[in-house]
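# Below is the structure, and that's it, no one-letter string:
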């Protein structure tokens with residue numbers, strides 16, 4: 001089994017390995033990182049807006065219930 005794998009890797013051209021396998025996978029990972037970073041920034045923005053509204057209009061209903 002290892003001889004078949006060894007022969008396959010010897011016959012496989014290096015540029016194909018880099019341009020055909022490693023580069024697309026790397027770009028996909030970078031794309032996923034960028035996508036989730038944008039989503040996280042949007043959630044942070046929403047949370048800060050919610051926090052600002054709660055501070056502006058008084059305490060939240062949950063806090064009012066806890067005080068009683």
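Ah, there it is. Given the structure is predicted, the values throughout are model-derived calculations rather than measurements.

# now the helix or strand hosting residue 38, how far from the chain's geometric center?
Here residue 38 sits within helix 23-56, counting by DSSP states H and E. Chain-centre distance of helix 23-56: 8 Å, with C-alpha atoms, centre = their mean, to the nearest Å.

# what's the spacing between residue 55 and residue 49?
Distance, residue 55 to residue 49, using C-beta to C-beta, to the nearest Å: 11 Å. Glycine gets a C-beta too; all of them are placed from N, C-alpha and C.

# And residue 23, by the same measure?
Taken as C-beta to C-beta, the span from residue 23 to residue 49 is 39 Å.

# Which residues are in contact with the residue positioned nearest the centre of the chain?
Compute the mean C-alpha point of the chain, and by C-alpha atoms, centre = their mean the closest residue is residue 36, 3.3 Å away. Counting by C-beta atoms under 8 Å, 6 or more residues apart in numbering, residue 36 makes contact with nothing.

# Tell me the pLDDT of it.
You'll see residue 36 listed with a pLDDT of 98.

# before we move on, what about residue 49?
With respect to pLDDT, residue 49 has a value of 89.

# and it, how many neighbours does it have?
Residues lying near residue 49 (other C-beta atoms under 10 Å) number 10.

# try residue 26
Using other C-beta under 10 Å, residue 26 is surrounded by 11 other residues.

# what about it, distance to residue 3?
Computed as C-beta to C-beta, the residue 26 to residue 3 distance reads 30 Å.

# quick one: low-confidence ranges for this protein?
In the predicted model, the chain carries pLDDT under 70 at residues 1, 58-68.

# give me that answer again for 90
By pLDDT under 90, the low-scoring segments of the chain are 1-21, 49-68.

# and residue 47, how many neighbours?
Neighbours of residue 47 using other C-beta under 10 Å come to 10.

# same deal with residue 54?
Counted with other C-beta under 10 Å, residues neighbouring residue 54 total 14.

# Check residue 14 too.
Count around residue 14 with other C-beta under 10 Å applied: 7.

# How much space separates it from residue 30?
According to C-beta to C-beta, residue 14 and residue 30 sit 22 Å apart.
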